[in-house]
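Q: Okay, here's the prediction I keep looking at, along with the sequence it came from:
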Amino acid sequence: MSTVEGRLRIAVQKSGRLSERSLDLVRDAGLRVVKGNNDLLYRVENYPIDLLRVRDDDIPTFVADGVCDLGIVGENVLEEGRNGGPTAQVIMPLGFGRCTLKIAVPPTLDYAGPASLDGKRIATSYPRILRRYLEAQGVSADIVTMRGAVEVAPRLKLAHAICDLVSTGATIEANGLSARDTVLESQAVLIRSPVSPEPRLAELLDSIIERMSGVVASQGAKYVMLNAPRAALDRITAILPGAGAPTVMPLSGRDDAVAVHAVCQEAVFWETLEKLKEAGASAILVLPIEKMM
Ligand code: ATP
Ligand code: ZN
């Protein structure tokens, strides 16, 4: 595959757990995505950018080799792809696609930590990550690589334990296994190529990354406005979750109270509002933030 002259490329998962949120991020960054006649490639109509839609396993290599300039992929896939060759650079975690790679064992295995895996056979789709984990733990075990259905391996006597992705744990439990130690916490990340695009696209690339950072930063963030008695100002700003220095403005015709505006980086719960009221705040408004830079 060769890079299309004069266009940036973003690698996203074609269909799977990351596809929808990846497209959302691209769209929220202001790129108008249009489906072409080619299923592999979506075009962005307002910028010289294409989306390459591929299997998630291919994304790290495409980005590392410069076939794509950016990519959205799970840390688990990125870590498993590390092979000593050129690597994609992680720009930021994206807050979705969260899952955990865990050791899970059947009740027949007396498990008291990673050392219990010594001399055992472990089935996984993540042999490299597991190998590194076991080495770090000083454990010597056999690894059986399976592409899917890892959770049936103990029942089939293919392995004594497994190392697999877990989000709710339902699959693991349905197979009579219990999840134990965590090997890797994962979420989707934005990665960029070590290969720079042609100079006139470099600026566009930087601005797309900047916009995506803004989208991610604004997720969950809220704009809070309230009125506060001057005397309670310190107490009230201390209650606002994850707010930097708030803006404090006079209220016309009132010397004893001010208006407070703040960007809260963390979720604002009902409990927080109740505490603010108790502290004397009134006319509290919580607004979503669409963009942030
Ligand atoms: P592809 O056809 O692209 O290879 P896949 O079957 O490997 O797809 P999906 O099941 O769509 O991949 O999962 C994609 C990514 O979503 C995973 O690599 C992981 O980062 C993340 N993920 C989030 N929750 C889970 C989960 N419960 N199980 C598996 N992956 C999860
Ligand atoms: Zn995959």
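A: Here it is on my side, so go on. Ligands and ions are numbered 1, 2, ... in the order given.
Q: Residues of the stretch 51-200 of the chain that sit close to ligand 1?
A: Counting by Cβ under 6 Å from any ligand atom, the residues of the stretch 51-200 of the chain close to ligand 1 are 55-57, 74, 76-77, 97, 99, 165, 167, 186. Every residue, glycine included, has its C-beta placed from N, CA and C.
Q: mind redoing it with 8 Å?
A: 54-57, 73-77, 97-99, 148, 165-168, 171, 186-188 (Cβ under 8 Å from any ligand atom).
Q: Out of the residues you listed, name the ones that lie in strands.
A: Among those, DSSP state E puts 54, 73-74, 99, 165-166, 186, 188 in strands.
Q: the longest helix in the chain is where?
A: Assignment by DSSP state H gives helix 199-218 as the longest helix of the chain.
Q: List the contacts of it.
A: For helix 199-218, the external contacting residues (Cβ atoms under 8 Å, 6 or more residues apart in numbering) are 6-8, 10, 25, 28-31, 47-49, 69-70, 91-95, 190, 192, 196-197, 265, 289-293.
Q: before we move on, what about stretch 261-274?
A: With Cβ under 8 Å, 6+ apart as the criterion, stretch 261-274 contacts 217, 220-225, 237, 239-244, 246-247, 249, 284, 286, 289, 292.
Q: One more: stretch 84-95?
A: By Cβ under 8 Å, 6+ apart, stretch 84-95 touches 21, 25, 60, 63-65, 71-72, 75, 78, 187-194, 209, 212-213, 216, 219-220.
Q: Show the buried residues in those.
A: Buried members of the contacts of stretch 84-95, scored by 16 or more other Cβ atoms under 10 Å, are 21, 25, 60, 63-65, 71-72, 75, 78, 187-193, 209, 212-213, 216.
Q: what are the C-alpha coordinates of the longest helix of the chain, in PDB please?
A: Taking Å, rounded to 0.1, in the frame of the first residue of the first chain, the C-alpha atoms of helix 199-218 are listed here in PDB:
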ATOM      1  CA  PRO A 199       5.800  19.800   5.100                       C
ATOM      2  CA  ARG A 200       2.600  21.300   3.900                       C
ATOM      3  CA  LEU A 201       0.600  18.600   5.700                       C
ATOM      4  CA  ALA A 202       2.600  18.700   8.900                       C
ATOM      5  CA  GLU A 203       0.700  21.800  10.100                       C
ATOM      6  CA  LEU A 204      -2.600  20.100   9.400                       C
ATOM      7  CA  LEU A 205      -1.500  17.100  11.300                       C
ATOM      8  CA  ASP A 206      -0.600  19.200  14.300                       C
ATOM      9  CA  SER A 207      -3.900  21.000  14.300                       C
ATOM     10  CA  ILE A 208      -5.900  17.700  14.000                       C
ATOM     11  CA  ILE A 209      -4.000  16.400  17.100                       C
ATOM     12  CA  GLU A 210      -4.700  19.600  18.900                       C
ATOM     13  CA  ARG A 211      -8.400  19.500  18.200                       C
ATOM     14  CA  MET A 212      -8.600  15.800  19.200                       C
ATOM     15  CA  SER A 213      -6.900  16.800  22.500                       C
ATOM     16  CA  GLY A 214      -9.500  19.400  23.000                       C
ATOM     17  CA  VAL A 215     -12.300  16.900  22.300                       C
ATOM     18  CA  VAL A 216     -10.900  14.500  24.800                       C
ATOM     19  CA  ALA A 217     -10.300  17.100  27.400                       C
ATOM     20  CA  SER A 218     -13.800  18.500  27.200                       C
END
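Q: Strands - which of the contacts of helix 199-218 land there?
A: 8, 10, 49, 70, 91-93, 190, 192.
Q: Surely residue 287 touches residue 223?
A: Yes. In terms of Cβ atoms under 8 Å, residue 287 counts as a neighbour of residue 223; the distance is 4.4 Å.
Q: These two: who's more crowded?
A: The neighbour comparison of residue 287 against residue 223 (other Cβ atoms under 10 Å) goes to residue 223, with 17 against 11.
Q: and that one, backbone torsions?
A: For residue 223, the backbone dihedrals (degrees, to the nearest 10) come out as phi -100, psi 120.
Q: returning to that earlier point: of the residues of the stretch 51-200 of the chain next to ligand 1, buried ones?
A: 54, 56, 73-77, 97, 99, 165-166, 171, 186-188.
Q: how distant is stretch 248-268 from the center of its chain?
A: 33 Å (Cα atoms, centre = their mean, to the nearest Å).
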